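K.L.:
take a look and give me a structure for this.
(chains A and B)
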Amino acid sequence: MPHSPLLGMHAPDGFLEPPVAAAAAVISLVVIAVALRRSATELGDRQVPLAGMTAAFVFAAQMVNFPVAAGTSGHLVGAALAAVLLGPWTAVLALTVVVVVQALVFADGGITALGINLVNLAIVPAFGGWAVFRLARRSLPRTSSGVVGATAIAAGVSVVLSAAAFSLQWLFGASAPVPFDTVFGAMVGVHTLIGLGEAAISATVVAAVLATRPDLVAGASDLEPHRINRHAPVGARTFVIGAGLTTVFVAVAVSQFASSSPDGLERVAEDHGFAERARTHAFDNGWFADYATSGVSNESLSLAVAGLSGVALTLLVGYGIVSASRRAGSSLARR
Amino acid sequence: MSSSTTVGPAAHSPLHRHLHVPADTSVHRLAPEAKLVGLVAFATTTALAPRREVAVFAAAAVVLVAVVRVSRLAARMVAVRLLVVVPFVVVAALVPFVAGGDRVDVAGVPLSVEGLWASWNIAAKAVLGATAAIVVSATTPVPDLLHGMRRLRVPTAFVAIAGFMVRYLDVLVDRLARMRLAMAARGHDPRWLWQLRPLAASVGTLFVRSYEHGERIHLAMVARGFTGEMPALEDRRARWSEWTTALVPATLVGAVLTGAMLR
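P.N.:
Just a heads-up that it's a prediction; the model follows:
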């Protein structure tokens, strides 16, 4: 298969219960409809060839094997990268086309899970990544180094956001009696590591494009021409370390939020009988081993994490959409 | 993952071409829009089946085997393409070990009963849904699939973008392969994450080239009278008999499902 599901994130049919699949399908239909219109206004009659070529680019870029360690390799998810290069609307459109073709032509991802996969692999990482990118740009210098650094942060976080979105869907539509925090811990833990690679690759790709055609980077459209240095700004090793620290920081922050689970949610958990739920842990010695040792019962913790990451996710995706809508005159329409 | 980007002659065979297995069977001849609707109906009906209604899954499997036979697809080919669902089925296979609830001893290992049902549910639905998708993609050329989408009123712009993607995907993959080949010829063999700059630069180059290529295509289209709307190509519409034929698998599964629910 050309697209190797390293992430295992192309959910097949039956992985989540039908109501969640249906809800995700409705959400993605709405977002895609808006994205089609938005990118049409941004690109005009260039929409079809440009979005088509960039979709092909995303598909091809996902097939590149990047070195990870000792000769092993990993793949790019590319959603945050696409958002920085193209702006979130066109990025969502390109990613959607990729996911739909993967499902229909390559049987990669279930037909009934298409909505879920669109939310997790296109909408959440593109808009979430765009939101993180915009927020990071504020605290970084308005130079191409700032753009590249913000790309690294956005790309790393976007992968973790995808994993969190999947875990949340699991909370509402689990097809197996595996507790939410097991899934959340495993997904977010593994994807924090994957996020490191994603951050390094995306940032280096954006640096390369900035060095040759800075006008093609939508996320750098506000840069003054003299602020764009013609050389790749920061060393790859610095990215790896910087992005690593950021991603670890995010993971730690999430777990900190989790352990301060408010009483109200605890109450709700008991009222709704969550407290009686199974508490077997698959990854007792794994990534989030001390996740359950915070003195709070797992079930309320689950709910707290779910609530907080749900709010954070929604806020980020919403912010991404709003900030994308605010951008008058896309960089893509500049030339 | 396993192999690196293909370099050499193999890179020149289109990614999607080998997915279509040409033949002249009744499944191949069905209108693509009918096949797409039939696929969605079949996958949805199967996905709605409660996990303990084994009869429904058996019926779906029998129907699929029949369709594979009618479309003269090699079982081996279908099996190889099914490998795409393996990662999730492996995850599903872990569920009985980690899930809670009643336990049952299987060969001395205590497994969760609910977990076993959950694994079965995920594996069965994933395999059945993917097999159905494989039958459709193996019996329908990609351009026909796109025509089918358009006739199902999927927005023209979306179908046109998908068409461009499919059409130029191999050009781009080929370009990447050439860059990789040139780098390998100069001794490039990255093993660690911080050695990724040359590869990332080639992906950046690929983006710039794709974008500029897209702009050239746009100008070429404008020169030929393109105004932003893709021309609607009038072609054969699906007959009623084709719609009914395409919906037979979903109907059969649906009948067994209804029977099981009423029991």
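K.L.:
which stretches of the chain have low pLDDT?
P.N.:
Went with chain A since none was named. Applying pLDDT under 70 to chain A flags residues A:1-9, A:68-73, A:226-307, A:326-335.
K.L.:
nope, chain B please
P.N.:
Ranges of chain B meeting pLDDT under 70: B:1-18, B:232-235.
K.L.:
just the helices in it please.
P.N.:
Counting by DSSP state H, chain B has helices at residues B:26-29, B:32-48, B:54-70, B:75-82, B:86-98, B:113-139, B:142-151, B:156-185, B:197-223, B:240-262.
K.L.:
quick check: longest helix of chain A.
P.N.:
Max-length helix for chain A by DSSP H is helix A:180-212.
K.L.:
pull out the buried positions in that one.
P.N.:
Using 16 or more other CB atoms under 10 Å in any protein chain shown as the test for burial, helix A:180-212 gives A:180-211. Placement of C-beta: from N, CA and C, glycine included.
K.L.:
tell me, which of these make contact with chain B?
P.N.:
A:182, A:196, A:197, A:200, A:201, A:204, A:205, A:206, A:207, A:208, A:209, A:211 (CB under 8 Å from any CB of the partner chain).
K.L.:
can you pull the contacts of the fifth one?
P.N.:
Okay, so that is residue A:201. Contacts for residue A:201 (CB atoms under 8 Å, 6 or more residues apart in numbering or on different chains) come out as A:66, A:76, A:81, A:155, B:196, B:200, B:203.
K.L.:
give me the subset of the residues you listed lying in strands.
P.N.:
residue A:66 (DSSP state E).
K.L.:
rebuild the contacts of residue A:201 as TSV, extending it with neighbour count and distance to residue B:255.
P.N.:
Below are the contacts of residue A:201 laid out as TSV (neighbours: other CB atoms under 10 Å in any protein chain shown; distance: CB to CB, whole Å):
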residue	neighbour count	distance to residue B:255
A:66	21	49
A:76	25	45
A:81	33	47
A:155	34	49
B:196	24	54
B:200	27	54
B:203	26	50
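K.L.:
and the contacts of residue A:201, which is closest to residue B:160?
P.N.:
residue A:81 (23.7 Å; CB to CB).
K.L.:
relative to chain B, how far out is that closest one?
P.N.:
Distance, residue A:81 to chain B, by CB to the nearest CB, to the nearest Å: 9 Å.
K.L.:
excluding its backbone neighbours, what's nearest that residue?
P.N.:
Nearest residue to residue A:81, sequence neighbours excluded (CB to CB, 6 or more residues apart in numbering or on different chains): residue A:202, at 4.1 Å.
K.L.:
do a quick rundown of the helices in chain A.
P.N.:
Using DSSP H, the helices of chain A run over A:18-43, A:47-62, A:79-86, A:88-106, A:114-118, A:124-139, A:144-173, A:180-212, A:236-259, A:263-271, A:298-326.
K.L.:
looking at those helices, which is buried most?
P.N.:
Each of the helices of chain A was scored by mean neighbour count; the highest is helix A:79-86, a mean of 33, by mean count of other CB atoms under 10 Å in any protein chain shown.
K.L.:
please export the C-alpha coordinates of that helix as PDB.
P.N.:
The C-alpha coordinates for helix A:79-86 follow below in PDB (Å, rounded to 0.1, in the frame of the first residue of the first chain):
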ATOM      1  CA  ALA A  79      -1.900  18.800   8.100                       C
ATOM      2  CA  ALA A  80      -0.200  21.600  10.000                       C
ATOM      3  CA  LEU A  81       2.400  21.900   7.300                       C
ATOM      4  CA  ALA A  82      -0.300  22.200   4.700                       C
ATOM      5  CA  ALA A  83      -2.100  24.800   6.800                       C
ATOM      6  CA  VAL A  84       1.000  27.000   7.200                       C
ATOM      7  CA  LEU A  85       1.800  26.700   3.500                       C
ATOM      8  CA  LEU A  86      -1.700  27.100   2.100                       C
END
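K.L.:
and the angle for it with helix A:144-173?
P.N.:
Helix A:79-86 runs at 140 degrees relative to helix A:144-173, counting by axes from the mean of the first three to the mean of the last three CA atoms, to 10 degrees.
K.L.:
so who does the nearest residue to residue B:156 once chain neighbours are set aside touch?
P.N.:
In space, and not counting its chain neighbours, residue B:156 is closest to residue B:230: 5.0 Å by CB to CB, 6+ apart. Counting by CB under 8 Å, 6+ apart, residue B:230 makes contact with A:48, B:156, B:157, B:159, B:160.
K.L.:
what about 7 Å?
P.N.:
A:48, B:156, B:160 (CB atoms under 7 Å, 6 or more residues apart in numbering or on different chains).
K.L.:
and of those residues, the nearest to residue B:93?
P.N.:
Within those, proximity to residue B:93 (CB to CB) peaks at residue B:160, which comes in at 41.3 Å.
K.L.:
and for stretch A:124-137, what's in contact with it?
P.N.:
A:77, A:79-80, A:82-84, A:88, A:91-92, A:95, A:146, A:150-151, A:153-155, A:157-159, A:161-162, A:165, A:219, A:313, A:316-317, A:319-321, A:323-324.
K.L.:
and the helices of chain A: which comes nearest residue B:52?
P.N.:
helix A:18-43 (15.7 Å).
K.L.:
ok, stretch B:135-151 near chain A or not?
P.N.:
Yes - for stretch B:135-151 and chain A, the contact criterion (CB under 7 Å from any CB of the partner chain) is met by B:137, B:142, B:145.
K.L.:
so what's the last one up against?
P.N.:
Pointing back at residue B:145 there. Contacts of residue B:145 (CB under 7 Å, 6+ apart): A:104, A:105, B:32.
K.L.:
my read is that the second one contacts residue B:134, right?
P.N.:
Pointing back at residue A:105 there. No - under the criterion of CB atoms under 7 Å, residue A:105 makes no contact with residue B:134, lying 10.0 Å away.
K.L.:
contacting residues around the residue lying farthest from the centre of chain B?
P.N.:
What lies farthest from the middle of chain B is residue B:108; by CA atoms, centre = their mean that is 38.8 Å. By CB under 7 Å, 6+ apart, residue B:108 lies in contact with nothing.
K.L.:
measure it to residue A:209 for me?
P.N.:
Distance of residue B:108 to residue A:209, given as CB to CB, to the nearest Å: 58 Å.
K.L.:
same check on residue B:191?
P.N.:
Residue B:191 sits 25 Å away from residue A:209, going by CB to CB.
K.L.:
also residue A:90?
P.N.:
Distance of residue A:90 to residue A:209, given as CB to CB: 15 Å.
K.L.:
again, but for residue B:222
P.N.:
Distance check for residue B:222 against residue A:209: by CB to CB, it reads 25 Å.
K.L.:
out of the contacts of residue B:145, which is nearest to residue A:39?
P.N.:
Nearest to residue A:39 out of those is residue A:104 (CB to CB; 21.1 Å).
K.L.:
how about the contacts made by that closest one?
P.N.:
Taking CB under 7 Å, 6+ apart as the test, what residue A:104 contacts is B:133, B:137, B:145.
K.L.:
which non-adjacent residue is nearest the first one?
P.N.:
Nearest in space to residue B:133, with sequence neighbours left out and distances taken as CB to CB, 6+ apart, is residue A:107 at 4.1 Å.
K.L.:
what are the phi and psi values for the one you found?
P.N.:
Dihedral angles of residue A:107 (phi, psi; degrees, to the nearest 10) stand at phi 50, psi 30.
K.L.:
who are the contact partners of it?
P.N.:
Listed by CB under 7 Å, 6+ apart, the contact set of residue A:107 reads B:81, B:84, B:130, B:133, B:134, B:137.
K.L.:
pull the number of nearby residues for the closest residue to residue B:47 other than its chain neighbours.
P.N.:
Of all residues not flanking residue B:47 in the chain, residue A:112 sits nearest, at 4.4 Å (CB to CB, 6+ apart). Using other CB atoms under 10 Å in any protein chain shown, residue A:112 is surrounded by 27 other residues.
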